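Enquirer: have a look at this prediction, sequence included:
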Amino acid sequence: MNSPMTPRWYRIRRTIAETRDTFTLELEADGQGTDAAFLPGQFNMLTMHAVGEVPISISGDPDDTARIVHTIRAYGTVTSRMQRLKKGDFLGLRGPYGVGWPMEALAGNDIILCAGGIGLAPLRPVLYTILAHRKDFGKVTLLYGERTPQDLLYRRQMERWRGRFDLDIRVTVDSARRDWRGDVGVVTTLMTAVRFDPGQTYALLCGPEIMMRFAIDALSAKGLGDDRMVISMERNMKCGIGLCGHCQVGPVFVCRDGPVFRYDRVRELFHRREC
């Protein structure tokens, strides 16, 4: 039996340059769906031989069993080296790991998805799932903030989604040139125009922790309860299975007990600073 710390090696079938520092890798699955199955919100540990290993959320369609998809922002040695990979190269993978978004609990409710930067990637499988079962959900709103228009992810797909009548997608950027016709400002500024029934709505948040803190405050001010906010708290994950202790916050191991948490269950832990 293979060790849970031993990666499986997959061939890259496609690379997509999303922005100057963000890219998507599509890995070939085995064709049987056994190695592509995951829950929205789960992550894999990706390995480059002799370079290192990093936790990356799965950003593909849960119903697509032909490929395993990750969108990655180059921010360190390992991810910067991954950006150089090409079709036909191999990448090691362990997973999927962690607790996903509570899709069953969301059914029958209105949904607000609040994404900052690369935080859109872990939320994209939620949108895939909602659209595959659209009648099971109420109003769906995506609030997405990025640094600049050039940093926006999934441009073509977002345009298709914005053309749908059953999705409300609002995008803002921190700064832009004069030719940008959209909103400018942090993602929480989009919430001022969003109306919702606090008893019939769930909010899913993923992005920089400072963004999530302000988003939580804005949602709370509109009456949304802590038990109806769900966050992805990806802190210091190293092993993916709760052995190394790097991601422990109080009694919680983020990689094993998360990275997705209902906010009322981790409120005090969330506001502790990372070591």
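Expert: Now that the structure is in, tell me what you want to look at. Numbering: from 1, shown residues only.
Enquirer: isn't H49 right up against L85?
Expert: No. Using C-beta atoms under 8 Å, H49 makes no contact with L85, being 11.5 Å away. Placement of C-beta: from N, CA and C, glycine included.
Enquirer: grab the most central residue of the chain for me.
Expert: Central residue of the chain (C-alpha atoms, centre = their mean): P122, 1.5 Å from the mean position.
Enquirer: now do the one helix or strand that one maps to, average pLDDT.
Expert: If you go by DSSP states H and E, P122 is part of helix 120-132. Across helix 120-132, pLDDT averages out at 97.
Enquirer: got the CA coordinates for it in CSV?
Expert: Taking Å, rounded to 0.1, in the frame of the first residue of the first chain, the C-alpha atoms of helix 120-132 are listed here in CSV:
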residue,chain,number,x,y,z
LEU,A,120,-12.1,32.9,-7.2
ALA,A,121,-10.5,29.6,-8.1
PRO,A,122,-11.7,27.5,-5.0
LEU,A,123,-15.2,29.0,-5.6
ARG,A,124,-15.4,28.1,-9.2
PRO,A,125,-16.4,24.5,-8.5
VAL,A,126,-19.3,25.8,-6.5
LEU,A,127,-20.6,27.7,-9.5
TYR,A,128,-20.1,24.7,-11.7
THR,A,129,-22.2,22.6,-9.3
ILE,A,130,-24.9,25.3,-8.9
LEU,A,131,-25.3,25.6,-12.7
ALA,A,132,-25.5,21.9,-13.1
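Enquirer: can you give me the helices for the chain?
Expert: Here the chain has its helices, by DSSP state H, at 77-82, 103-106, 120-132, 155-162, 209-221, 254-257, 263-270.
Enquirer: what is the burial count for the nearest residue to P122 once chain neighbours are set aside?
Expert: Distances taken as C-beta to C-beta, 6 or more residues apart in numbering put S57 closest to P122, at 3.7 Å, once the chain neighbours are dropped. For S57, the neighbour count with other C-beta atoms under 10 Å is 28.
Enquirer: then T15?
Expert: T15, neighbours per other C-beta under 10 Å, totals 17.
Enquirer: report the beta-bridge partners for it.
Expert: L25 (DSSP bridges).
Enquirer: distance of it from T65?
Expert: 20 Å (C-beta to C-beta, to the nearest Å).
Enquirer: what of T141?
Expert: When T141 is compared with T65 (using C-beta to C-beta), they lie 29 Å apart.
Enquirer: more neighbours: which of those two?
Expert: When neighbours are counted by other C-beta under 10 Å, T141 comes out ahead of the other of T141 and T65, with 20 against 16.
Enquirer: give me every residue that touches T172.
Expert: L143, Y144, G145, E146, G182, D183, V184, G185, V186, V187, T189, L190 (C-beta atoms under 8 Å, 6 or more residues apart in numbering).
Enquirer: these two touch, right, the first one and T189?
Expert: Okay, so that is L143. No. Judged on C-beta under 8 Å, L143 makes no contact with T189 at a distance of 9.3 Å.
Enquirer: who does the lowest-mean-pLDDT helix or strand in the chain pair up with?
Expert: Lowest on mean pLDDT, DSSP states H and E among the helices and strands of the chain sits strand 248-249, with a mean of 78. Strand 248-249 has its sheet partners listed here by DSSP bridges as strand 252-253 (antiparallel).
Enquirer: pull the number of nearby residues for the residue nearest to S80 when sequence neighbours are not counted.
Expert: Nearest non-adjacent residue to S80, counting by C-beta to C-beta, 6+ apart: A74, 4.6 Å away. A74 has 17 neighbours, counted by other C-beta under 10 Å.
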